[in-house]
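**Q** need coordinates for the following:
(chains A and B)
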Amino acid sequence: GESVGLHLPTLSVQEGDNSIINCAYSNSASDYFIWYKQESGKGPQFIIDIRSNMDKRQGQRVTVLLNKTVKHLSLQIAATQPGDSAVYFCAEMGSSGQAGTALIFGKGTTLSVSS
Amino acid sequence: ETGVTQSPTHLIKTRGQQVTLRCSSQSGHNTVSWYQQALGQGPQFIFQYYREEENGRGNFPPRFSGLQFPNYSSELNVNALELDDSALYLCASSGHRNAEAFFGQGTRLTVV
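**A** Predicted coordinates for the structure are as follows:
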């Protein structure tokens, strides 16, 4: 079945370091991917998205890389700040299947930034 | 702020009871999806509504049902509550079915 997973459940970095959070997906038909940040007690917050016709997309301090050959996504955060501490989820949206256009989430990576 | 609001923010119910959760979508958004997030897990898709019609459903039993109204706000109803229904229920709205989804802050449901 469809599934999205993250390689590491936790990641600890120092303030100012660059962070890389990885995600593997299994459905090669998926054509849209989103990274979300979720702080304690809040709903997921959209960070950046990428469609399958792209390999890389940059935002403010964040970059998403998509490798369709190995079905891998990564989120890079530059100059990580304490405010970046949260749980990060990748989500895929399939183009077909019972779930239609639903987002399928992985279990998340908890990023802890120490100053 | 995403413009997606959910009510109530917290709720405690007894096993066997029924509950209704509400969501107001972001202005201009006609698609609403509901997700269940158990503690320590990623959100799981329950169902999606597009222009007042159910557009897709995840692996949830029929006692999970929903509605979408002409103003695109939505309700999630859960009957015969079970202890395992305790979770954060999230509503997400988007401008169309394949667009980025914006989430509300969620409703924390506790079933005792």
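
**Q** thought A:Leu8 was touching A:Asn22?
**A** Yes. If you go by C-beta atoms under 8 Å, A:Leu8 and A:Asn22 touch, sitting 7.0 Å apart. Any C-beta I mention is one placed from the backbone N, CA and C, and that applies to glycine too.

**Q** mean pLDDT per helix and strand in chain B: which one sits at the bottom?
**A** strand B:53-57 (a mean of 87; mean pLDDT, DSSP states H and E).

**Q** mind giving me the packing neighbours of the very next helix or strand once past that one?
**A** Note on strand B:53-57: by DSSP states H and E, the next helix or strand toward the C-terminus is strand B:64-68. When contacts are defined as 3 or more C-beta pairs under 8 Å, 6 or more residues apart in numbering or on different chains; DSSP states H and E, strand B:64-68 sits against strand B:44-50, strand B:74-78.

**Q** most neighbours per residue, which of those?
**A** Highest mean neighbour count of those: strand B:44-50, a mean of 23 (counted as mean count of other C-beta atoms under 10 Å in any protein chain shown).

**Q** which residues touch it?
**A** Residues from elsewhere that reach strand B:44-50 (C-beta atoms under 8 Å, 6 or more residues apart in numbering or on different chains): A:99-105, B:30-38, B:54-60, B:64, B:66-68, B:74, B:76, B:97.

**Q** got a pLDDT number for residue 51?
**A** In the absence of a named chain, chain A is used. Here the pLDDT value assigned to A:Arg51 is 92.

**Q** actually chain B
**A** 85.

**Q** is stretch A:62-75 anywhere near chain B?
**A** No. Stretch A:62-75 does not reach chain B (C-beta under 8 Å from any C-beta of the partner chain); its nearest approach is 12.8 Å.

**Q** not counting that stretch itself, show me its contacts.
**A** By C-beta under 8 Å, 6+ apart, the residues outside stretch A:62-75 that reach it are A:20-26, A:28, A:33, A:35, A:47-50, A:52, A:54-57, A:76-78, A:88, A:90.

**Q** chain B next: which of these are close?
**A** Filtered for proximity to chain B (C-beta under 8 Å from any C-beta), the contacts of stretch A:62-75 shrink to A:Asp49.

**Q** for the buried ones among the contacts of stretch A:62-75, write the corresponding ChimeraX selection.
**A** Filtering these down to the buried ones (16 or more other C-beta atoms under 10 Å in any protein chain shown) takes a single ChimeraX command:
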select /A:21,22,23,24,25,33,35,47,48,49,50,76,77,88,90
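
**Q** low-confidence bits of the chain, can you list those?
**A** Answering for chain A, as no chain was given. Applying pLDDT under 70 to chain A flags the ranges A:1-7, A:94-100.

**Q** hmm, I had chain B in mind actually
**A** Residue ranges of chain B with pLDDT under 70: B:1, B:96-98.

**Q** who in it is up against chain A?
**A** Proximity of chain B to chain A (C-beta under 8 Å from any C-beta) is limited to residues B:2, B:4, B:33, B:35, B:40-45, B:48, B:55-58, B:90, B:92, B:97-98, B:100-106.
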